[in-house]
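Colleague: I would like to see how this sequence folds:
(one chain, ligands or ions: 1)
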Amino acid sequence: MPLSATEQAKKAVGEKVAALVVSGMRLGLGTGSTAAWAIRAIGRRVREEGLQVVGVPTSYAAEQLARAEGIPLVTLADVEELDLAFDGADEVSPALDLIKGRGAAHTREKVVATQARRFVVLVDASKLVHRLGTRCPVPVEVLPMAAAPVMRQLRRMGAEPVLRMGKAKDGPVVTDQGFWVIDAHFPEGIDDPQALAMTLSTIPGVLDHGLFLGMATDVLVGEANGQIRHMQRS
Ligand SMILES: O=C(CO)[C@H](O)[C@H](O)COP(=O)(O)O
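Modeller: Next up is the predicted model:
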């Protein structure tokens, strides 16, 4: 079946970042449908060209895919830093700030991204927003016993919190860490992402949230016309 235009754009940016990889690199392997294109393309280069890399996966899903593709895996205990991490995103602002976590992997994704000298974000053009929060909620990963007080706190902060429920499971989504995810909706968008990120980080029971501010060094945007736009942090 032919790929949709959106899937073509995801594939294009995934293959673009895979082409930036050279032997010896230590990689952060992102989660989601766009990062999966990159993992598959890197796996192909490992098998066909003998490309020598190691990868740190950001989720169980990324780990399984990388294993299937033959990419050698290591942990953050094995490598002091990563040369390049790549990942998808749910929103990208003009300042290259992000919302991530549709796949509930944002906590590990943030840890991995912070260990990388270069953090390349892969999106199709539908993810570009003028104001963070206008396209999707901010995922907040919480200790299950803290879910109710965290939701009350989020309401006091002006958010509309929704506990994320499983699609093929009764009850809440459970993350790779055994935590839950509260999606904090901001119907008018987020006024001050920095202040929100700081406040979220101080709420007891919150493991981490999906605001990735000042972290992306590069954003590759797959456009509808098949072109790739490269945005870089100045
Ligand atoms: O943050 C993520 C997972 O937690 C994903 O990277 C993000 O949701 C983008 O996914 P996709 O490329 O499938 O649109």
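
Colleague: in the chain, which spans are helices?
Modeller: Secondary structure of the chain by DSSP state H: the helices cover 5-19, 33-49, 60-69, 106-114, 147-156, 193-201.

Colleague: Need these in CSV (columns: mean neighbour count and mean pLDDT).
Modeller: (Each C-beta comes from the backbone N, C-alpha and C, glycine too.) What follows is the helices of the chain, written out as CSV (neighbours: other C-beta atoms under 10 Å; pLDDT from 0 to 100):
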stretch, mean neighbour count, mean pLDDT
helix 5-19, 20, 97
helix 33-49, 20, 98
helix 60-69, 18, 98
helix 106-114, 24, 98
helix 147-156, 16, 98
helix 193-201, 16, 98
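
Colleague: Present those as CSV; the columns should include distance to residue 219.
Modeller: Formatted as CSV, the helices of the chain follow (distance: least, C-beta to C-beta, whole Å):
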stretch, distance to residue 219
helix 5-19, 9
helix 33-49, 12
helix 60-69, 19
helix 106-114, 13
helix 147-156, 28
helix 193-201, 16
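
Colleague: looking at those helices, which is closest to the ligand?
Modeller: Across the helices of the chain, the ligand has its closest neighbour in helix 33-49 (3.2 Å, C-beta to the nearest ligand atom).

Colleague: hmm, who's touching that closest one?
Modeller: Residues from elsewhere that reach helix 33-49 (C-beta atoms under 8 Å, 6 or more residues apart in numbering): 7, 10-11, 13-15, 17-19, 21, 27, 29-30, 51-53, 55, 58, 62, 65-66, 68-71, 86-88, 122-124.

Colleague: export the helices of the chain to a markdown table and tack on distance to the ligand?
Modeller: Output for the helices of the chain, formatted as a markdown table (distance: least, C-beta to the nearest ligand atom, whole Å):
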| stretch | distance to the ligand |
| --- | --- |
| helix 5-19 | 6 |
| helix 33-49 | 3 |
| helix 60-69 | 9 |
| helix 106-114 | 5 |
| helix 147-156 | 19 |
| helix 193-201 | 16 |
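
Colleague: mind checking which of those helices is nearest residue 229?
Modeller: Nearest of these to residue 229, taken as C-beta to C-beta: helix 5-19 at 9.5 Å.

Colleague: residues near residue 226, how many?
Modeller: Neighbour count for residue 226, taken as other C-beta atoms under 10 Å: 10.

Colleague: tell me the contacts of it?
Modeller: Here residue 226 is in contact with 8-9, 12 (C-beta under 8 Å, 6+ apart).

Colleague: again, only using 10 Å
Modeller: Applying C-beta atoms under 10 Å, 6 or more residues apart in numbering to residue 226 gives the contacts 5, 8-9, 12.

Colleague: And residue 105, by the same measure?
Modeller: Counting by C-beta under 10 Å, 6+ apart, residue 105 makes contact with 30-32, 35, 57-62, 87-88, 112, 139, 141, 175-177, 210.
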